[in-house]
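A.B. asks: here's a sequence, model it:
(2 chains)
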Amino acid sequence: MRGDRPADHPALSDLAEQLATPGRRGVILTYITGNVVAPIGMLLVLVLIVLAFVGPWIVPHDPLEQSFLSASQGPSAEYWFGTDAFGRDVFSRVLLGTQASLAIGVTAPVLAALCGTWVGMLAGYFGGWTDRLLSRFSDLLMSFPTLLLGIMIAAALGPGFRTAIIAIAIALFPRFVRLARSATQVVRREPFIDASIASGRGPLAIMARHVLPNIAGPLIVALSLWIATAIRLEAALSFLGLGTQPPAPSWGNMIRDGMGDLVGDPWPAAFAGAAITVAVLAFNMVGDALRDLLDPEMDV
Amino acid sequence: MFSYILRRGLEVIPTVLLVLTLVFLALRILPGDPAIAALGEYATPDAIATFRQKLGLDQPLWVQYVTFVGHALTGDFGKSMTNGTSINALLASSLPYTIELALAATLIGIVIGVPLGAVAAVRRNRAPDIFGRLFALAGFSLPDFYVGVLLLMAFSLHLDWFPMLGGGEGFFDQLHHLVLPAVTLGLVMAAFVMRLTRSSLLEVLRRDYVRTARGKGVAEHWVIFKHALRNALIPVTTGMGIYLLTTLSGTITVELVFSRPGLGQLLIGGITARDYTMVQAGLVVFAFFVVLVNLLTDLLCAAIDPRITLR
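C.D. replies: Take a look at the predicted model:
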């Protein structure tokens, strides 16, 4: 249906071919260590992951404790990011929000990658009718913007944490299908696959043992880029009131709550939004660095 | 060309049916009974039965399906469950706000994105390129609704240049209300358009015919405008067709930021109020746009690049 259109990240199709070519991985590692952007991105990602784990123990205030005496204050020594309309400490809430955002932002793409990769490999490996049917279906899903798909699923399942994971996983699923499919088609032509068939190995075993390791590269790059997308989607769904439900803090629902009093207390919305931006930027930087190095345009 | 239009047009029929089926199944098969959702967990069995009957949920599934598809295709969406108003009237009043916003944002995205991308490609690895790439990275990392909140704080609350909420009355007031939401989505789209234009132009500038043009002594600005940019814009056009849908779904969050009475507000309002008929109508309309924009993009691509029609 839409075979001749560029994918979301235009370089990804080239990337699939490049990474499927054996012998490129040494170049990749040299590049990552020599690059400036990647270490910064990786450091940020690492910090975010650590904060997500230790957040509950290091918050200076109880993120759920309300106090009308300290409501709607600006940043101070006591409350670094100020307080929200319920007097809750915004810094503590942003810190704890890391957990919700990363939990959904990482789980959903990983889930999508696990399912999408297998469906894509099946389509790419067998070709013919299997391919046509599976590609047709994933193309259809892919013609919907991710946010819209997420909203559709949230409408069916009702708002909540679990819904956000399922909705984002389904929204990203067809993208992994397409990527795994095109990468598999390249690997499928290699003689070692024929050799493996001749030695009597079954299709599933070949896919697991020979195809998967050879297409893992582009999938990992895509995963890091789409974790950034997933974090943004989670924030958007929570902002719309369909993701993480209050009083549990998530960056999206903090902006939603903050919208009530932007004049008197803009701090919760401002800091929660900054947190989303940093997280998305970090994963984008890692993914971009990985992708750029495989982009033939780059002078490696 | 004609046979391509016909073939591509006919493809719409199974797509529309499949999309309607997905919307139908999503709202019916997945867990969560709309009756219980609307009336609450402690509703009496009688109330639930009456409710199901009113919505036709007591009918066999295939009857519901046929009725649903029939209504969706004829554009009859019934009445809102929460306030009883005709959904068609609500759609008619909210659709212009959403379409205006999406189109204005696209216009801003092109006007900023294409020149920025072209300059970045021509001055590769120099200041304009670095600025452009930073701009693109920011556009990819800042969520559109957060950009909206920031613009709202700066230009409505502090500077008071633009109105804060609503859609406005009369042409000029509506235009005034449109500026900030459109700039919000337009800036995010410009980042995408910039990146696409840059990479596409870089690709084209390495082609043989560009070298030939330079070799025969064509002035550099003519090489870029007449030979390179025109061809570089083909993938940009295709990419933008797809991105238009992202912008369209972006209107949902941005409408919430600016309290714009558009389609997104209707849909999200329906979901939070558990207004089943409203959600169904909202999803069908959005899905309709998805199919339509995809069709138009394909036809536009075929018009620009005749090789597509031969496949």
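
A.B. asks: flag every residue of the stretch 101-250 of chain A that's near chain B.
C.D. replies: Proximity of the stretch 101-250 of chain A to chain B, by CB under 8 Å from any CB of the partner chain, involves residues A:140, A:143-148, A:151-159, A:228, A:232, A:235-236, A:239-242. For the C-beta atoms, the positions are set from N, CA and C on the backbone; glycine is no exception.

A.B. asks: if any of those residues are buried, put those into a ChimeraX selection.
C.D. replies: Burial among these is assessed by 16 or more other CB atoms under 10 Å in any protein chain shown; the matching ChimeraX selection reads:
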select /A:140,143,144,145,146,147,148,151,152,153,154,155,156,157,159,228,232,235,236,239,240,241,242
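
A.B. asks: can you tell me the helix or strand for the spatially most central residue of chain B?
C.D. replies: Compute the mean C-alpha point of chain B, and by CA atoms, centre = their mean the closest residue is residue B:248, 1.9 Å away. Assigning secondary structure by DSSP states H and E places residue B:248 in helix B:230-257.

A.B. asks: quick one, what contacts the closest residue to residue B:286 other than its chain neighbours?
C.D. replies: Nearest non-adjacent residue to residue B:286, counting by CB to CB, 6 or more residues apart in numbering or on different chains: residue A:148, 5.7 Å away. Residues in contact with residue A:148 (CB atoms under 8 Å, 6 or more residues apart in numbering or on different chains) are B:245, B:248, B:249, B:252, B:286, B:290.

A.B. asks: and for residue B:245?
C.D. replies: If you count contacts by CB under 8 Å, 6+ apart, residue B:245 has them with A:143, A:144, A:145, A:148, B:289, B:290, B:293, B:294.

A.B. asks: biggest separation within the contacts of residue A:148, which pair?
C.D. replies: Maximum pairwise distance among the contacts of residue A:148 (CB to CB): 13.3 Å, between B:252 and B:290.

A.B. asks: higher neighbour count, these two?
C.D. replies: residue B:252 (27 against 21; other CB atoms under 10 Å in any protein chain shown).

A.B. asks: what's the helix or strand for the closest residue in space to that one that isn't next to it in sequence?
C.D. replies: With sequence-adjacent residues excluded and distances taken as CB to CB, 6+ apart, residue B:252 is closest to residue B:264, at 3.2 Å. Per DSSP H and E, residue B:264 falls inside helix B:263-272.

A.B. asks: do the same with residue A:140
C.D. replies: Using DSSP H and E, residue A:140 maps to helix A:128-142.

A.B. asks: tell me the helix or strand right after that helix.
C.D. replies: Using DSSP H and E, the helix or strand that follows helix A:128-142 in sequence is helix A:146-157.

A.B. asks: what angle do that next one and helix B:230-257 make?
C.D. replies: Angle of helix A:146-157 versus helix B:230-257, following axes from the mean of the first three to the mean of the last three CA atoms, to 10 degrees, is 40 degrees.

A.B. asks: how far is helix A:146-157 from where the chain is centred?
C.D. replies: Relative to the centre of its chain, helix A:146-157 is centred 17 Å away, using CA atoms, centre = their mean, to the nearest Å.

A.B. asks: quick one: average pLDDT of that helix?
C.D. replies: Helix A:146-157 comes out with an average pLDDT of 83.

A.B. asks: ditto for stretch B:281-294
C.D. replies: Throughout stretch B:281-294, pLDDT has a mean value of 85.

A.B. asks: also stretch B:23-38?
C.D. replies: 67.

A.B. asks: check which residues of stretch A:46-53 are buried.
C.D. replies: Neighbour-count burial for stretch A:46-53 flags A:48, A:51, A:52 (criterion: 16+ other CB under 10 Å).

A.B. asks: which element, helix or strand, includes the closest residue to residue A:207 other than its chain neighbours?
C.D. replies: Nearest non-adjacent residue to residue A:207, counting by CB to CB, 6+ apart: residue A:121, 5.0 Å away. Element membership for residue A:121, per DSSP H and E: helix A:90-126.

A.B. asks: I'd say residue A:182 and residue A:124 touch.
C.D. replies: Yes: between residue A:182 and residue A:124 a contact is recorded at 6.9 Å, counting by CB atoms under 8 Å.

A.B. asks: higher neighbour count, these two?
C.D. replies: Comparing residue A:182 with residue A:124 by other CB under 10 Å, the one with more neighbours is residue A:124, at 27 against 22.

A.B. asks: could you list every residue that touches the closest residue to the more buried one other than its chain neighbours?
C.D. replies: Leaving aside its sequence neighbours, residue A:124 sits nearest to residue A:184 (CB to CB, 6+ apart; 2.9 Å). Contact analysis of residue A:184 by CB under 8 Å, 6+ apart lists A:120, A:121, A:123, A:124, A:125, A:207, A:211, A:215.

A.B. asks: where does pLDDT dip in the stretch 1-150 of chain A?
C.D. replies: For the stretch 1-150 of chain A, applying pLDDT under 70 flags the ranges A:1-37, A:65, A:67-72, A:74, A:77-80, A:85, A:87.

A.B. asks: ok, chain B next?
C.D. replies: In the predicted model of chain B, residues B:29-41, B:162, B:166-168, B:170-171, B:308-311 satisfy pLDDT under 70.

A.B. asks: could you pull out the helices for it?
C.D. replies: B:2-28, B:34-39, B:45-55, B:61-74, B:87-122, B:127-141, B:144-151, B:171-205, B:208-215, B:220-222, B:230-257, B:263-272, B:276-304 (DSSP state H).

A.B. asks: assign the residue nearest to residue A:124 to helix, strand or coil.
C.D. replies: Assigned state for residue A:184: helix (three-state reduction, DSSP: H, G, I helix; E, B strand; the rest coil).

A.B. asks: what pLDDT does it get?
C.D. replies: If you check residue A:184, the pLDDT there is 87.

A.B. asks: do you know how far it is from residue A:201?
C.D. replies: 16 Å (CB to CB, to the nearest Å).

A.B. asks: how about the nearest residue to residue B:67 once chain neighbours are set aside, what does it touch?
C.D. replies: Nearest residue to residue B:67 in three dimensions, chain neighbours excluded: residue B:56, at 6.3 Å (CB to CB, 6+ apart). The contact partners of residue B:56, taken as CB under 8 Å, 6+ apart, are B:63, B:64, B:67.
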